[in-house]
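Student: coords please:
(one chain, ligands or ions: 2)
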Amino acid sequence: MKAAVLPAVDTPIEVRDDIEVAAPGPGEVRVKVVASGVCHSDLSVQDGTIRLPTPIVLGHEGAGIVEELGEGVTTVAVGDHVVLTFVPACGECYPCLHHQSYLCEKAAQQVAGGLADGTTRLTSGGAPLHQMAYLGTFGEQAVVPAISLVKIPEDVPLEVAALLGCGVLTGVGAALNTASITPGDTVAVFGCGGVGLNVIQGAKIAGATTIIAIDQFDAKLELAQQFGATHVLNSEQHDVVGAVAALNGGRGADVAFEAIGLGATIDQAIKTIRAGGEVVLVGVPRMDVLITLNVAFTWLYQAKTIKGCWYGSANVHEDVPKLLQLWRDGDLKLEELISQEITVDQVNEAFTAMQAGTVARSVIRH
Ligand SMILES: [Zn+2]
Ligand SMILES: [Zn+2]
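Tutor: Ligands and ions are numbered 1, 2, ... in the order given. Predicted structure coming up:
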């Protein structure tokens, strides 16, 4: 099969068509990947922000059709349409049993770049190829754990469903699951990429009435308005902390989301919220990012809350159907997130467009 492969950190993506796909092992499923989003985290593997072994088939946001079942798989059948989720949900481990399947312990082997047993189902020129997040949706096919799949109705277009797998579950989940937004709240969102735009539409669904989008690119701020931002601030041109405070009677935002992953914007987000407010950290930082906070003022005298958000605090078997219902009701924009449909040969160009801030999501059609 054909797939986009990252040969090594800091090198361009190579499209290879000699990849051999092994049969699914016990508990695994072979999926024909129909559509895959191109997410900033794919770029973060390329530039080393997220450290994964190479060579690797990137892609962790996809949807497709089940083609072959490994031994013992009963949760999906051949022909089912599925969303591939980049965090599995085994339903049996401690977090899964405590309604925190976004922390499923079966994800632990993902850092090794293979499947749960540490081996990969892909080879190229006789050498093993790693798979991002047990998936590798930049390939035409993927052999994945059955616990990384959520069955969806067949009338949902697969390029739309693909987006649920990362950006939508993460961003909308951050607003609906992680944060405690109350109707009428003032919300600030730092970073208006694929995840940030979904935070914005999630905040709107949660009832926030003042939604302030912050980014350095005007093109992204325009998109943010289409997804529900009521105010936009170009961070190159404004004193963000002062401007946000002014929009809520001088106090600051009730809730701020940091969807970039930089120490400087995390620090700003914490300064942007009012006393008693909440910051939700969604952006993926480099492993060496640290912040320094005044404990007495931040946590005691101002009683601020700083929450971490992994995978939108989502329980995928509940959240995927919930998000699809919001989409059917017209409250969640999914088609509008797709700036361009591309072939797998155009992944490098899609990365460049993402860095330039000119696209929300590029979606690969295999
Ligand atoms: Zn992603
Ligand atoms: Zn689990």
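
Student: CA atoms for contacts and neighbours, from now on please.
Tutor: Fine.

Student: could you check which residue of the stretch 251-366 of the chain lies nearest ligand 1?
Tutor: When scored by Cα to the ion, the stretch 251-366 of the chain has Tyr311 as its residue closest to ligand 1, at 9.0 Å.

Student: and that residue, what does it touch?
Tutor: Tyr311 makes contact with 87, 102, 166, 169-170, 173-174 under the criterion Cα atoms under 8 Å, 6 or more residues apart in numbering.

Student: closest to ligand 1 among those residues?
Tutor: Checking those against ligand 1 with Cα to the ion, the nearest one is Cys166 at 4.6 Å.

Student: among the contacts of Tyr311, which are in reach of ligand 1?
Tutor: The subset of the contacts of Tyr311 within reach of ligand 1, by Cα under 5 Å from the ion, is Cys166.

Student: the contacts of Tyr311 in helices, which ones?
Tutor: In helices, defined here by DSSP state H, the members of the contacts of Tyr311 are 169-170, 173.

Student: ok, of the residues you listed, which one's closest to Ala264?
Tutor: For the ones in helices among the contacts of Tyr311, the closest approach to Ala264 (Cα to Cα) belongs to Thr170, at 21.6 Å.

Student: now that closest one: closest residue in space that isn't a chain neighbour?
Tutor: Gly312 (3.8 Å; Cα to Cα, 6 or more residues apart in numbering).

Student: quick check: which element contains Val83?
Tutor: If you go by DSSP states H and E, Val83 is part of strand 81-84.

Student: again with Val66
Tutor: Going by DSSP H and E, Val66 is in strand 62-69.

Student: that older thread, make TSV from the ones in helices among the contacts of Tyr311 and add pLDDT to it.
Tutor: Shown next, in TSV, are the ones in helices among the contacts of Tyr311 (pLDDT from 0 to 100):
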residue	pLDDT
Leu169	98
Thr170	98
Gly173	98
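
Student: got JSON lines for those residues, with neighbour count too?
Tutor: Supplementary listing: the ones in helices among the contacts of Tyr311 in JSON lines, determined by neighbours: other Cα atoms under 10 Å:
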{"residue": "Leu169", "neighbour count": "28"}
{"residue": "Thr170", "neighbour count": "27"}
{"residue": "Gly173", "neighbour count": "26"}
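
Student: still on that earlier bit, which is the next helix or strand following the strand holding Val83?
Tutor: Sequence order places helix 94-97 as the next helix or strand after strand 81-84, per DSSP H and E.

Student: right, is that following helix up against ligand 2?
Tutor: Yes: remark: helix 94-97 sits within contact range of ligand 2 at Cys96, by Cα under 5 Å from the ion.

Student: near ligand 1, which residues of this protein?
Tutor: Within the chain, the positions near ligand 1 by Cα under 5 Å from the ion are 39, 41, 166.

Student: ok, so of those residues, who is nearest ligand 2?
Tutor: Set against ligand 2, the nearest of the residues of the chain next to ligand 1 by Cα to the ion is Cys166 (17.7 Å).

Student: contacts only, for the closest one.
Tutor: Counted by Cα under 8 Å, 6+ apart, Cys166 has contacts 39, 60-61, 85-86, 311.

Student: again, but for Val150
Tutor: 82-85, 316-317, 320.

Student: partner strands of the strand or helix carrying it and their direction?
Tutor: Counting by DSSP H and E, the element that carries Val150 is strand 149-152. Each strand paired with strand 149-152, and its direction, by DSSP bridges: strand 81-84 (antiparallel).

Student: identify the residue spatially nearest to the residue of the stretch 251-366 of the chain found nearest ligand 2, adjacent ones excluded.
Tutor: Closest contact between the stretch 251-366 of the chain and ligand 2, by Cα to the ion, is at Asn315 (10.2 Å). In space, and not counting its chain neighbours, Asn315 is closest to Ser101: 5.3 Å by Cα to Cα, 6+ apart.

Student: ligand 2 versus the one you found, what's the distance?
Tutor: According to Cα to the ion, to the nearest Å, Ser101 and ligand 2 sit 6 Å apart.

Student: tell me if I'm right that that residue and Gly312 touch.
Tutor: No: Ser101 lies out of contact with Gly312 (Cα atoms under 8 Å); the separation is 10.7 Å.

Student: which residues of this protein fall in helices?
Tutor: Taking DSSP H to define them, one finds helices in the chain at 40-46, 94-97, 158-163, 169-173, 194-205, 218-226, 240-246, 263-272, 295, 316-328, 347-356.

Student: now do the last one, average pLDDT.
Tutor: Over the span of helix 347-356, the pLDDT mean works out to 94.

Student: kindly report the same for the fifth one.
Tutor: Per-region confidence: helix 194-205 scores 97 on mean pLDDT.

Student: list the helices and strands that helix packs on?
Tutor: Here helix 194-205 touches helix 169-173, strand 186-190, strand 210-215, helix 218-226, going by 3 or more Cα pairs under 8 Å, 6 or more residues apart in numbering; DSSP states H and E.

Student: what's the distance between the residue nearest to Pro24 when sequence neighbours are not counted and Gly64?
Tutor: Nearest residue to Pro24, sequence neighbours excluded (Cα to Cα, 6+ apart): Gly70, at 4.8 Å. Counting by Cα to Cα, to the nearest Å, the gap from Gly70 to Gly64 is 17 Å.

Student: ok, those two, which is more surrounded?
Tutor: Between Gly70 and Gly64, counting by other Cα atoms under 10 Å, Gly64 is the more crowded of the two (31 against 18).

Student: beta partners of that one?
Tutor: Applying DSSP bridges, one finds that Gly64 bridges with Val33, Val82.

Student: was I right to think it contacts Val29?
Tutor: No: the criterion here is Cα under 8 Å, and Gly64 misses it with Val29 at 11.5 Å.

Student: hang on, the earlier thing: contacts only, for the residue nearest to Asn315.
Tutor: 88-91, 95, 314-316.

Student: no more questions from me, cheers.
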